[in-house]
Every structure is written in C-alpha cells, then in structure tokens.
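*Asks:* give me a model of this one.
(chains A, B, C and D)
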There are 2 protein chains.
Amino acid sequence: MASAESGPAWGPVARNSTHELVIEAIEDQIMAGTLTVGDPLPPERDLAARLQVSRAGVREAIRVLESHGVLRSSVGSGRGAGTFIASMPSAALTRLLRLHVELANFQVDEVVEARILLERSSAALAAQRASAEAVEAMRVPLTLMDTESLDRETFNDADTDFHVAIAQAGGNRLFSNLTEAIRASLRSRHLEAFRKVTDWEALASVLRTEHHGIHEAIREGRADLAADLVEAHIRGAASALPDLTEH
Amino acid sequence: MASAESGPAWGPVARNSTHELVIEAIEDQIMAGTLTVGDPLPPERDLAARLQVSRAGVREAIRVLESHGVLRSSVGSGRGAGTFIASMPSAALTRLLRLHVELANFQVDEVVEARILLERSSAALAAQRASAEAVEAMRVPLTLMDTESLDRETFNDADTDFHVAIAQAGGNRLFSNLTEAIRASLRSRHLEAFRKVTDWEALASVLRTEHHGIHEAIREGRADLAADLVEAHIRGAASALPDLTEH
DNA sequence: TTCTCTTAGTGGTCAGACCACTAAGAGATC
DNA sequence: GATCTCTTAGTGGTCTGACCACTAAGAGAA
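*Replies:* Modelled structure (predicted):
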C-alpha cells in the first residue's frame, strides 16, 4: 500500500480484461450513487453496444456481480424483466467462506474464534435492545429443539436458526450476515460431527439447557451474562465435537 | 432452514442455470478434496465437452470462482498456462464489503463495530504470541507515519498497513483478511474524511501517539492493554472523523 | 368490458471463429 | 556437442451471430 521509495515510481497500470472493465463500469455507477438498490441495468445487448464490448464480456461481468449478491437477473419482458441492482450479501459471504475453509485458507478453529467474537457481541446487543418480537422469534427454533428424539440434522438447523435469530436481534447486519455465513459454511462439518456422536441424547440435552439459559439472559437484559454463556456454549460444543476440524 | 411442517414437504428443487451447474461441479471436486490449491483445471474446451455445456458457460463459472479468489487463469502454453485452484480470499472479501457498504446494506457504524471486535482480539493475540519479526514488521509503517508533513493519503495507507500487520501478527487469517477487507472497503471514505479535517497535524499527532502506545503494549506482551488501546484508538478516530458515514 | 392470443423484448445458451500469448521442441548454427 | 533461433501447438481472451424460453404488454375478438 504505502510506498516510500523514490525514483520513477512505475505505478501498476491496471491491466484489465474486458469483463473487468465492465465490472468497473457498473461499480463506478454504484459508487457514484447513480445506481442504487432496485434500479435496472440496461439490457445486456445495449450495455455491450455502449461499452463497445461483446455481449459475452458483459455477461461474464454480470455473473460475477450476481454471485456477489449485487445484481439479480430475470428473463421475460416488461416490468420485472432484466437485470437489477440487488443486495443479497448472505449467499455470497457463505460461498466465499465455505470454499476458503475447504481450501484450508481458514482453519476451522479460526472461524470458530470469529464466531465467538461475533456472537458474544450479538448476544450482548440483543440483551440490551432486542424487541419483544425478536425475543419471541428466538423461541421458535428453541422449542423445536425441545422436541423429543429430533433427528440430528433438523436439530442442527434449528440450532443455526436460534443463533442467527440472536444475531439479527442484535441489529448489526454485518454481524448477523457473517454469523449466518459461518454457520452455513460449517454445516456439513457440523452434521458429520453430530453423526459421529455416540451419546447423542446427552449432548442434545446439554445444548438445550445452554440455549434456554442464553435465551433467558437475553430476555432479562443481562448483556454480560448472555455474552459469557454464548462463549461457553460455543467452546463447549466445539470441544464436545472434536471431529469438527476433520472432514 | 428448519421446517417443522408436516405434509407433502416440497423440497426446493435447485433450479440451476448452466454456469451454476459448472460451478457446482468444480465446487464438488474441491469439497471432495479431489482438487486442492495449485491443481490445474482441465482446459476450458475439454471441461465444456466433458460437462456437455458450451465454453461460454464454463467461462462464466470460471469467472465467478476467479472473482471469489478460488481460481486463477493464465494464458499461454505448457507449465504455468491454464486455470488453477488458487486461494486469494482477500480481494474477494474486499469487493464484497465495499459494494455492500456502498449499497447501504451494511452501515459504516456496523462495519466499524466489527472492526473493533476483530482488531481487539488481534491485538491481544499479537501481544501474546507475536514473533520478533512480526513486531518489527509493524514498525515499518509506524516510522513512515512519523515522517514530517506526510501527505494524508500515504499516512492513511501506512495506517492501514500498521493495523493489518497487527492482525497478521495475531495469527488468525480470517481476522486479518477481514481486517484488510474492512480497511480497503472504507478507504475512499477515510481519504475523504481525512481531507476534510481542518487541523490535520493535531489529528495526525494524536494518531501517532496512540499507534506507538499500541505497539509498545504488544511488544511488552500486555494483551488486555493492547486490546483496550486499539478500541479507544478506533473509537477516537471515528468520532474525530464524523464525515465517515457520509460520502 | 372481458378474455384470448399474438408479439416484442428480455435473459439463457450455444457454436464457431479468430487473436494473443507462452513454452516446448525442431532445426540451424557455431 | 552446445547454443541459439524459429516454428508450432495449446492455452485463455474476445467477438459474432444465431436460436431458445420466458414474460408482460398490447391487439384483437367475444
């Protein structure tokens, strides 16, 4: 970033390919505020003509931005047809994390530590400012998990829903989106680890109790307690599932 | 996620387009461990033929994964030519954050809060386990910022380098990549806010002092102090730059 | 007024061509 | 035999033009 050298200072000349130029053109409009959420892009053919590139180049750019949750395309004609500025960061974050966890770029431990940071804060925030509806929303997955002899996959997904509900109650959308992405990116590992547990009912019982404790702390507005309980819960689960780091 | 309804249970049938099928095919290989970092993909034409799709569809998929930092393509022939599995999450994270901050999907405050969480932990980790070289690496941007009458852009970039160096010293790659992405995604806002500051030298002086304090705490292994100093530093800077949330 | 059907416009997909670049290998030269 | 030069094959990069599938608007009939 910072260059302290003296001399010619040959700045890197952005050697961009066609589709990157198109991406830049679209990003520039977004950065300038000319395009905001919901606005339509010109039809692919028009955009290609205006930018003097082929339609294929435009499509590659659209695909990239689409995968980042920034664009949304629909076929057809009239009202809802065409490509629009969207904002769905969650799926993009999930794919990014999942792939890079798999490529061992991020260790599972590292991701779990990030999860603890985020969910501690979210729990504390939720305790401070969660609305009654938000607290009620947490109760749905909570009671689902109380179901007798629930299969492990459904339990895991309800578990995820509970933690995501807390993050959403906290109000910080970056926190909640990251929380969701982390859970989703570790889902297959979680399921596998759950499957390998011998005394499942014992583990489920512990998790249930801890969940109710967290919920109660949030309901009563005890921020520090909620944060500590969440951390203990995550660390406990991680150590009860040693297979988490394998695959 | 969790569905408690009974009845037909119409599972969502992944209605995928061609390029998504190709993405899945590649992702599956990665998830299965058949493809790991450094491995080559078949040539685009071969892959298209094997998957029974057009080359355009394959290219769109490659472009998406490339933008996620998972693939890397080079033209030519022989050794280094072709498309390879890579792992460069940083640029992808940055683009993702930058765009979604711009689209007001994430508020600047929310991002700053995330930054505080991450950098608190990184500073504490760095204080506990940073190597001598890592501590030395922080010193480079630190001394650069001590330069008299440094222009604000260079100062900002050195500032970024310093904080990223701390995050890297902490050892958690998810933390450091997120830290880098957050700084990069807010860069233009930072520069604009810096430009609007009237008494620049006064602000720079405060930042310099705080940076040295943080560096010293890390060097001396005082984890809690380092974390607190970092948080105070970020909050102080944010309140000294009220224009940060505008654009 | 209501319904039905055509039609234009959109993204989705494909086939085929050519270009730019790179490294390996054939060949010439010393 | 060693070295250099040039051809060549294989790769991604780009473009063109075509056709398909789908949708809503609009023309036309009832």
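*Asks:* all contacts plus neighbour counts: C-alpha atoms, from now on.
*Replies:* Noted.
*Asks:* buried sites along stretch A:83-99?
*Replies:* Across stretch A:83-99, burial judged by 16 or more other CA atoms under 10 Å in any protein chain shown covers A:83-99.
*Asks:* hang on, residue A:69 in a strand?
*Replies:* No - counting by DSSP: H, G, I helix; E, B strand; the rest coil, residue A:69 falls outside a strand, being coil.
*Asks:* residues near it, how many?
*Replies:* Using other CA atoms under 10 Å in any protein chain shown, residue A:69 has 21 other residues around it.
*Asks:* for residue A:152, same thing?
*Replies:* The burial count for residue A:152: 17, using other CA under 10 Å.
*Asks:* wait, it sits on residue A:191?
*Replies:* Yes - counting by CA atoms under 8 Å, residue A:152 does reach residue A:191; the two are 7.4 Å apart.
*Asks:* could you look up the SS state of the residue nearest to residue A:30 when sequence neighbours are not counted?
*Replies:* Once flanking residues are discounted, residue A:30 sits nearest to residue A:36: 6.3 Å by CA to CA, 6 or more residues apart in numbering or on different chains. For residue A:36, the secondary structure call by three-state DSSP comes out as coil.
*Asks:* give me every residue that touches residue A:36.
*Replies:* By CA atoms under 8 Å, 6 or more residues apart in numbering or on different chains, the residues touching residue A:36 are A:30, A:85, B:103.
*Asks:* same question for residue A:186.
*Replies:* residue A:98.
*Asks:* could you dump stretch A:32-40 to PDB, C-alpha only?
*Replies:* Extracted in PDB, the C-alpha atoms of stretch A:32-40 (Å, rounded to 0.1, in the frame of the first residue of the first chain):
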ATOM      1  CA  ALA A  32     -21.200   7.400  -7.700                       C
ATOM      2  CA  GLY A  33     -24.700   6.700  -6.400                       C
ATOM      3  CA  THR A  34     -26.100   6.700  -9.900                       C
ATOM      4  CA  LEU A  35     -27.300   3.100  -9.400                       C
ATOM      5  CA  THR A  36     -28.900   2.100  -6.200                       C
ATOM      6  CA  VAL A  37     -30.800  -0.900  -5.000                       C
ATOM      7  CA  GLY A  38     -33.700  -1.700  -7.200                       C
ATOM      8  CA  ASP A  39     -32.500   0.200 -10.300                       C
ATOM      9  CA  PRO A  40     -32.500  -1.600 -13.600                       C
END
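*Asks:* what's the mean pLDDT across it?
*Replies:* Across stretch A:32-40, pLDDT averages out at 95.
*Asks:* tally of neighbours for residue A:173?
*Replies:* Residue A:173 - counted by other CA under 10 Å - has 18 other residues nearby.
*Asks:* do the same with residue A:234
*Replies:* Burial of residue A:234 is recorded as 19 neighbouring residues (other CA under 10 Å).
*Asks:* my read: it touches residue A:116, true?
*Replies:* Yes - under the criterion of CA under 8 Å, residue A:234 lies in contact with residue A:116, with a separation of 6.9 Å.
*Asks:* what segments of chain A are strands?
*Replies:* A:71-74, A:82-85 (DSSP state E).
*Asks:* having no further points to raise, I will conclude here.
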